[in-house]
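A.B. asks: how does the following fold in three dimensions:
(one chain, ligands or ions: 1)
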Amino acid sequence: MRIPLSRPLVTPKMINAAVKVLKSGLYIKGPIVKKFEEEFSNYCGTKFGTATCNGTASIYIALRALGVGRGDEVVVPSHSFIASASPILMCGAKPVFVDVDETYTIDIKDLKSKLTTNTKAVIAVHLYGQMCEMDELLALKEKKGFYLVEDAAQAHGAKYHGKKAGSIGDIACFSFFPAKNMTVCGDGGMVITSDPELYKKTQTLRDHGRNYSKKEGKYISEVLTLNFRMNEIMAAIGIEQLKKLDDWNEKRIKIASSYDKYLTEKITKPTQRNNSKHVFHQYVIRVNERDKLREHLDKNDIQTGIHYPIPIHKQPIFSNFKCVLPNTEKFCRQILSLPNYPSMKIKDSKIVIDKINEFCLSNK
Ligand SMILES: Cc1ncc(COP(=O)(O)O)c(C=O)c1O
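C.D. replies: Coordinates of the predicted model:
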C-alpha cells in the first residue's frame, strides 16, 4: 500500500455534526460559525475570531483591517506558499521579500536590513509548523512600530515560549485546508486578534463591508470588499476537529521524532527552536540529490512533496520585485517533505526511513 504524504481524518462525530447542520436548513450566518470563532480563538489564546472562506482571504482581511494600502511596504518571507504574499499586492502595497534561516522562518538579520520608514507590517510565517523567533520580532516591532501579522496557516497549536501560534502578533491568520493540522473538510480560514477594533474591521471586511453592529447595518456597505464568509457546515466540522487537534499534533510529533532518530545524518533534518513546540505540519529534510531521492521513494510507493519548488519572489506575479535571497534559492532545490499525518503508523515511518537511508548509502 502506498504511503501518502498526508491524510485528513474524519470521524463519525464530524460527519454527524455536518449532517445535523444540513438538516437544520440554516447554512449561513448562524450560531455555529460564531461558536467556532469563539472556541478556536479561545484555544489560541486570543479574544476574537472571524471565520472566513480560506487562509488567503484571512491574510487579505487582516492586512486590510490594519489599513495596509498604496505606499506601504509589507515584509514577508519568500520561502512560503504564494498566499503569504499575494494579498499584499491585492491591497495595493509593496511586498518586500526577506530570506529564511535554518529553521525555514524569517532570518532576523536580513529582516533588519529590509525595514524602512514605509514598513507597515511584517508577516511572520510559521512555516511547516514551527513558529518564528517571536521575541526578536516583538523587539523590532517595539523599536520600529510596524504591525506584526502571524501567518499561522501551518501552525495550529504550535507554541513559542508557552504561547500559542496566533496569540503574539497584532492579528493572525489560519487556514483549514484539508492537508492542514486541522481542517473544515474543504476551504476555510480564520482571522484572530485580541484587539476589539481590529476584530470589528475583520467582521466588516469579511461580509461586503457591512457593519452589523449598527442599526440597518445589513443594508449599508462601509468599505469596499467581497464576500469571504464561512458556512455553518464547515464550522460544525471545525468545532469537532479542534477537539482532536492536540492529540493529532502529538501524533505528528511522534512520527517526526522517529524520523529524527533513525534517518541518516547524510541528510539535513529540521532544526527545532528551543523552548518551542513544532507541530510538524510538514517534516522537511534537505538533500542535494533531492529529485533522485524523490523518484526512488515514489518507485517504492512513498509519496513526498516539495513545499515549495519556486520561491515567491521568482513567481511571475512578483516579477517587478526582484531580489536575491541565498537561503531561499538554495533550499527550494534541496527540500523534500516526508509523509506525516496523525493516523500514520510508526512502522510506516520506518519504511520511509529505510528507503531514504538505503538511497543515501548507495549514493555516497
Ligand atoms: C503558509 C500559508 N499561508 C497561507 C495559506 C493559504 O491558505 P488557503 O489555502 O486556505 O487559502 C496557506 C495554505 O496553503 C499556507 O500554507
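A.B. asks: residues of the chain that sit close to the ligand?
C.D. replies: Applying C-beta under 6 Å from any ligand atom, we find that the chain lies next to the ligand at 54-56, 80-81, 83-84, 125, 151, 153-154, 175, 177, 187, 189. C-betas here are computed from N, CA, C, even on glycine.
A.B. asks: farthest-apart pair in the residues you listed, please.
C.D. replies: For the residues of the chain next to the ligand, the maximum inter-member distance is 19.0 Å, found between V125 and D187 (C-beta to C-beta).
A.B. asks: neighbour count winner among those two?
C.D. replies: When V125 and D187 are compared for neighbours, V125 comes out ahead with 30 against 18, by other C-beta atoms under 10 Å.
A.B. asks: show me the shaky parts of this structure.
C.D. replies: Scanning the chain with the threshold set as pLDDT under 70 gives 364.
A.B. asks: what residues go with each domain of it?
C.D. replies: 12-239, 245-362 (automatic domain parsing).
A.B. asks: for burial, what's the neighbour tally of I123?
C.D. replies: For I123, the neighbour count with other C-beta under 10 Å is 27.
A.B. asks: helix or strand for it, which one?
C.D. replies: strand 119-125 (DSSP states H and E).
A.B. asks: off-centre distance for the helix or strand following that strand?
C.D. replies: Next helix or strand after strand 119-125 toward the C-terminus (DSSP H and E): helix 134-144. On the basis of C-alpha atoms, centre = their mean, to the nearest Å, helix 134-144 is displaced by 21 Å from the centre of the chain it belongs to.
A.B. asks: so which elements touch helix 134-144?
C.D. replies: helix 108-114, strand 119-125, strand 147-151 (3 or more C-beta pairs under 8 Å, 6 or more residues apart in numbering; DSSP states H and E).
A.B. asks: distance from the chain centre to the biggest helix by length in the chain, please.
C.D. replies: Longest helix of the chain, by residue count under DSSP state H: helix 232-262. With C-alpha atoms, centre = their mean as the basis, helix 232-262 stands 14 Å off its chain's centre.
A.B. asks: enumerate the positions of it that are buried.
C.D. replies: 232-242, 244-245, 248-249, 251-253, 255-256, 258-259 (16 or more other C-beta atoms under 10 Å).
A.B. asks: now do stretch 2-12
C.D. replies: 3, 5-6, 8.
A.B. asks: how long is it from one end to the other?
C.D. replies: 25 Å (C-alpha to C-alpha, to the nearest Å).
A.B. asks: now stretch 160-178
C.D. replies: One end of stretch 160-178 to the other measures 25 Å (C-alpha to C-alpha).
A.B. asks: stretch 310-329 now?
C.D. replies: Start and end residues of stretch 310-329 are separated by 8 Å (C-alpha to C-alpha).
A.B. asks: buried residues, stretch 357-364. List them.
C.D. replies: Neighbour-count burial for stretch 357-364 [16+ other C-beta under 10 Å]: 359-360.
A.B. asks: with stretch 317-330 instead?
C.D. replies: 318, 321, 323, 325, 327-328.
A.B. asks: neighbouring contacts of that stretch?
C.D. replies: Residues outside stretch 317-330 that contact it (C-beta atoms under 8 Å, 6 or more residues apart in numbering) are 77-79, 82, 85-86, 89, 94-101, 107, 110, 311-314.
A.B. asks: and the residues you listed, which are buried?
C.D. replies: When neighbours are counted using 16+ other C-beta under 10 Å, the contacts of stretch 317-330 contain these buried positions: 77-79, 85-86, 94-101, 107, 110, 311-314.
A.B. asks: from these, which land in helices?
C.D. replies: Among the buried ones among the contacts of stretch 317-330, DSSP H puts 86, 110 in helices.
A.B. asks: which residues touch Y283?
C.D. replies: Residues near Y283 by C-beta under 8 Å, 6+ apart: 128, 255-256, 259, 270, 337-338, 340.
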